[in-house]
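1. Can you look at this prediction? I've put the sequence above it.
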Amino acid sequence: MTDKNKVYIFDTTMRDGEQSPGASMSLEEKIQIARVFDELGIDIIEAGFPIASPGDFEATSEVSKILKKSIPAGLSRHSKKDIDRCYEALKHAPRFRIHTFISTSPLHMKHKLNKSSEEVYESIKEHVTYARKFTDDVEWSCEDGTRTNMDFMCRTVELAIKSGAKTINIPDTVGYTVPSEFTKIIQTLMNKVPNIDKAILSVHCHNDLGLAVANSLAGISAGARQVECTINGIGERAGNASLEEIVMAIKTRNDLMPYETGINTTLLSKASKVVSNATFPVQFNKAIVGKNAFAHEAGIHQDGMLKNRNTYEIMTPESVGVKKTSLVMGKHSGRHAFKDKLNELGYVDITDDVIQTAFGKFKVLADKKKHVYDDDIAALVDDSLIKEDNVINLKSLKVFAGTGEPQRAEMTLEVYGEIKKSTETGDGPVDAIFKCIKTLYPHDVNLQLYQVHAVTEGTDAQATVSVRIEENGKTTVGQAADTDTLVASANAYINALNKMIIKRDKIAPGQSNEQKYEQKMKGI
Ligand code: KIV
Ligand code: ZN
């Protein structure tokens, strides 16, 4: 790698990024973000637009004071007042950049600036020269560059460099260009502007057509050596080019893009979090930093991943600071991944039969729930383990609840292999359910505890119900999980009873429970 392959990363999360609706950041948040960005290895951090507001001024100023390696920058229009404010905000930093811009497209010059192209041209000399009084590090941008006449752009760029700009930034302000066109723009500047070697060419792409990263990479391949971007791709309208995507594209496809950035990619996830905490959440499927970026749900993919990560992973999660690939358990997951997940959860010695039963239940649950969490799986396996020697099994349950009539439960149980049905009303649906169980398997136990808690979040959460029963001083606790709280309640009670039956057998051998049950049913 030579220096000519170094691509400077100019981050504008706190300036252009903050211009996205809902993304305004407090001073404290900006300082926290700046510290992470500094550590991340960003070359230039545009901390604000100091003339825009006292808050922007203060944030630019405070950020510029704390940076250790990154160079702080501030934005200014072609206005001496703007440039003065920029200087005032940045002057405490040992090195800083003033970034000044003006529109150069016919549309903007006419409707926004109400200036002729010659007036704009003259203004470049005046303002770049003025900014150079404060620092050697002046960047000049031609706003709406990609809709600017190419010959005019070449003239303005040449003049900006002559006037002292060290960085020339070509913004695709409205996200209008496409990679092939942007390549030509950058190549034309590289070939036609006589003093282009005296400056670094920069690209700044917006994402209105979803092409910001592709256009930025095209610009780099055509000769740009600075890229302006934001963490999580936040920015005006559809956002700016995403820093993490550009950096990881260069790193992952270094065979095609032999460039180097100074970014410590293992901090990308941290940077994304600090920005999203201050602004808004990142979409789940966002490249590099989205929650699902390293998650695999499809059974075939999970199976491939377990055999060799390279089958479905082009970069490691560790390389962007994510702890590890997650095999998300959902309806597409296969048995192999399920078994692997059980091992991960500490279920190492369970039999194939239990795994098979739990896997069957997991598939049913996954059809009902969007997200199956680890706790859901643990609850299912516990349930399967317990039910291996069950005397009583729930076959079906219907509950009629609501206002007006008494609540009613219709239940079918398998008791010692025999199918039995009952319908009971009760003081609430749970009471009706427990009465059904008592009718179908007569017993005298005290209900000591009935507790419901959601294992997972959301209205589709799995409920776990715990039931504690007592008989002759002996207690057992039953637990069951289901998305239907009433089904979980029935199963928890039955589970407690099954345990009590096993306990009775162990404690008072002799007449079997089955015999006792038959006698009870016959009224003996
Ligand atoms: O998109 C744009 O044109 C800008 C400039 C101010 C650089 O953000
Ligand atoms: Zn912009």
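-> Looks like it arrived, so ask away. Ligands and ions are numbered 1, 2, ... in the order given.
2. shouldn't D11 be in contact with I231?
-> Yes - contact criterion C-beta atoms under 8 Å: D11 and I231 qualify, at 7.0 Å. Just so you know, the C-beta spots here come from the backbone N, C-alpha and C atoms, and that holds for glycine as well.
3. got any residues that touch both of these two?
-> Listed as contacting both D11 and I231 by C-beta atoms under 8 Å, 6 or more residues apart in numbering are F37, L243.
4. Residues contacting stretch 319-333, please?
-> Residues contacting stretch 319-333 (C-beta under 8 Å, 6+ apart): 244, 248, 251, 265-270, 288-289, 292-299, 302, 305-306, 309, 313, 316-318, 337-338, 340-341, 362-363, 366-367, 370-372, 374, 377.
5. per-residue confidence at V328?
-> For V328, the model assigns a pLDDT of 79.
6. Can you get me a residue count around it?
-> Counted with other C-beta atoms under 10 Å, residues neighbouring V328 total 20.
7. what's the spacing between it and ligand 1?
-> Applying C-beta to the nearest ligand atom, to the nearest Å, the value for V328 to ligand 1 is 37 Å.
8. Can you pull the poorly scored residue ranges out of the stretch 351-500 of the chain?
-> 375, 379, 382-389, 454-461 (pLDDT under 70).
9. ok, back up a step: pull out the buried members of the contacts of stretch 319-333.
-> Buried members of those, counted by 16 or more other C-beta atoms under 10 Å: 244, 248, 251, 265, 267-270, 288-289, 293-299, 302, 305-306, 317, 337-338, 340-341, 362, 366, 372, 377.
10. Which of these fall in strands?
-> Those of the buried ones among the contacts of stretch 319-333 mapping onto strands are A295, H296, per DSSP state E.
11. Please look at V430 and A488 and confirm they touch.
-> No - applying C-beta under 8 Å, one finds V430 not in contact with A488, separated by 10.4 Å.
12. higher neighbour count, those two?
-> More crowded of V430 and A488, by other C-beta under 10 Å: A488, with 25 against 22.
13. what comes up buried for the helix or strand hosting that one?
-> In the assignment (DSSP states H and E), A488 maps to helix 485-507. The neighbour-count check on helix 485-507 (16+ other C-beta under 10 Å) flags 485-502, 504-505 as buried.
14. What is the three-state secondary structure of Y450?
-> Three-state assignment for Y450 (DSSP: H, G, I helix; E, B strand; the rest coil): strand.
15. looking at it, it is touching I469, isn't it?
-> No - assessed by C-beta under 8 Å, Y450 is found out of contact with I469, at 9.8 Å.
16. Tell me which of these two has more neighbours.
-> Taking other C-beta under 10 Å, Y450 and I469 do not tie; I469 has more neighbours (21 against 15).
17. For that one, which non-adjacent residue is spatially closest?
-> Closest residue to I469 apart from its sequence neighbours, by C-beta to C-beta, 6 or more residues apart in numbering: V445 at 4.2 Å.
18. for the one you found, phi and psi?
-> Main-chain torsions, V445, degrees, to the nearest 10: phi -130, psi 160.
19. What count of nearby residues applies to it?
-> By other C-beta under 10 Å, the residues close to V445 number 18.
20. and if you look at G402?
-> Per other C-beta under 10 Å, the neighbour tally for G402 reads 8.
21. so whichever residue of the stretch 201-350 of the chain sits closest to ligand 1, which of the three states?
-> Ligand 1 sits closest to H204 of the stretch 201-350 of the chain, with a gap of 5.2 Å, by C-beta to the nearest ligand atom. Of the three states, H204 takes strand under three-state DSSP.
22. so it bridges to which residues?
-> Taking DSSP bridges as the rule, H204 bridges to P171, E228.
23. ok, now which ones touch it?
-> Neighbours of H204 in contact, by C-beta under 8 Å, 6+ apart: T12, D16, S141, N169, I170, P171, D172, T173, V227, E228, N240, A241.
24. Quickly find the element holding the fourth one.
-> The one in question is N169. Here N169, judged by DSSP H and E, is contained in strand 167-172.
25. Can you spell out which helices and strands pack onto that strand?
-> Applying 3 or more C-beta pairs under 8 Å, 6 or more residues apart in numbering; DSSP states H and E, one finds that strand 167-172 makes contact with strand 97-103, strand 138-143, helix 150-162, helix 179-192, strand 200-205, helix 212-221, strand 226-229.
26. ok so, going back, out of the buried ones among the contacts of stretch 319-333, which sit inside helices?
-> Counted as lying in helices by DSSP state H, out of the buried ones among the contacts of stretch 319-333, are 244, 248, 251, 268-270, 299, 302, 305-306, 337-338, 340-341, 362, 366, 377.
27. if I look at Q451, how far off is M153?
-> As judged by C-beta to C-beta, to the nearest Å, Q451 and M153 stand 71 Å apart.
28. more neighbours, those two?
-> M153 (22 against 12).
29. what's the distance between the more buried one and S269?
-> 38 Å.
30. any idea how far the closest residue to G235 other than its chain neighbours is from ligand 1?
-> Using C-beta to C-beta, 6+ apart and skipping the chain neighbours, the partner closest in space to G235 is D16 (4.7 Å). Applying C-beta to the nearest ligand atom, the value for D16 to ligand 1 is 5 Å.
31. Kindly report the residues of the stretch 1-150 of the chain close to ligand 1.
-> For the stretch 1-150 of the chain, the residues in contact with ligand 1 (C-beta under 6 Å from any ligand atom) are D16, F101, S141, E143.
32. okay if I get these as a markdown table plus neighbour count and pLDDT?
-> Below are these laid out as a markdown table (neighbours: other C-beta atoms under 10 Å; pLDDT from 0 to 100):
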| residue | neighbour count | pLDDT |
| --- | --- | --- |
| D16 | 24 | 97 |
| F101 | 22 | 98 |
| S141 | 24 | 98 |
| E143 | 22 | 98 |
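33. Break the chain down into its structural domains.
-> For the chain, automatic domain parsing gives the domain ranges 8-278, 295-370, 392-522.
34. Which stretches in the stretch 1-150 of the chain count as strands?
-> 8-11, 44-48, 71-77, 97-103, 138-143 (DSSP state E, counting those that start in this stretch).
35. so which of those strands comes closest to E118?
-> strand 97-103 (12.8 Å; C-beta to C-beta).
36. angle of the closest one against helix 150-162?
-> Between strand 97-103 and helix 150-162, the angle comes out at 150 degrees (axes from the mean of the first three to the mean of the last three C-alpha atoms, to 10 degrees).
37. just the angle between strand 97-103 and strand 71-77, please?
-> 30 degrees.
38. ok, and what's touching strand 97-103?
-> Outside strand 97-103, the residues within contact range by C-beta under 8 Å, 6+ apart are 44, 46, 71-78, 82-83, 86-87, 90, 109, 112-113, 120, 123-124, 127-128, 131, 134-135, 137-144, 167, 169, 171.
39. can you give me how far it is from the chain middle?
-> Using C-alpha atoms, centre = their mean, to the nearest Å, the mean C-alpha position of strand 97-103 is found 33 Å from that of the whole chain.
40. Can you get me a residue count around N254?
-> Other residues near N254 number 13, with proximity taken as other C-beta under 10 Å.
41. right, I mislabeled it, should have said N390
-> 17.
42. distance of the residue nearest to it when sequence neighbours are not counted from ligand 1?
-> Spatially, and ignoring its direct neighbours in sequence, N390 is nearest to N498 (4.9 Å; C-beta to C-beta, 6+ apart). Between N498 and ligand 1 the distance is 68 Å, computed by C-beta to the nearest ligand atom.
43. Quick one: the strands in the stretch 301-450 of the chain, in order.
-> Ranges of strands in the stretch 301-450 of the chain, per DSSP E, counting those that start in this stretch, are 326-327, 392-400, 407-415, 418-426, 446-454.
44. residues in contact with the residue nearest to I469?
-> Taking C-beta under 8 Å, 6+ apart as the test, what V445 contacts is I469, E470, E471, L497, M500.
45. repeat that for 10 Å
-> V445 sits next to 438, 468-472, 474-476, 493, 496-497, 500 when contact means C-beta atoms under 10 Å, 6 or more residues apart in numbering.
46. could you dump those to CSV with distance to V348?
-> As requested, the contacts of V445 are exported to CSV (distance: C-beta to C-beta, whole Å):
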residue, distance to V348
K438, 38
R468, 29
I469, 31
E470, 34
E471, 34
N472, 36
K474, 31
T475, 29
T476, 26
Y493, 30
A496, 27
L497, 29
M500, 29
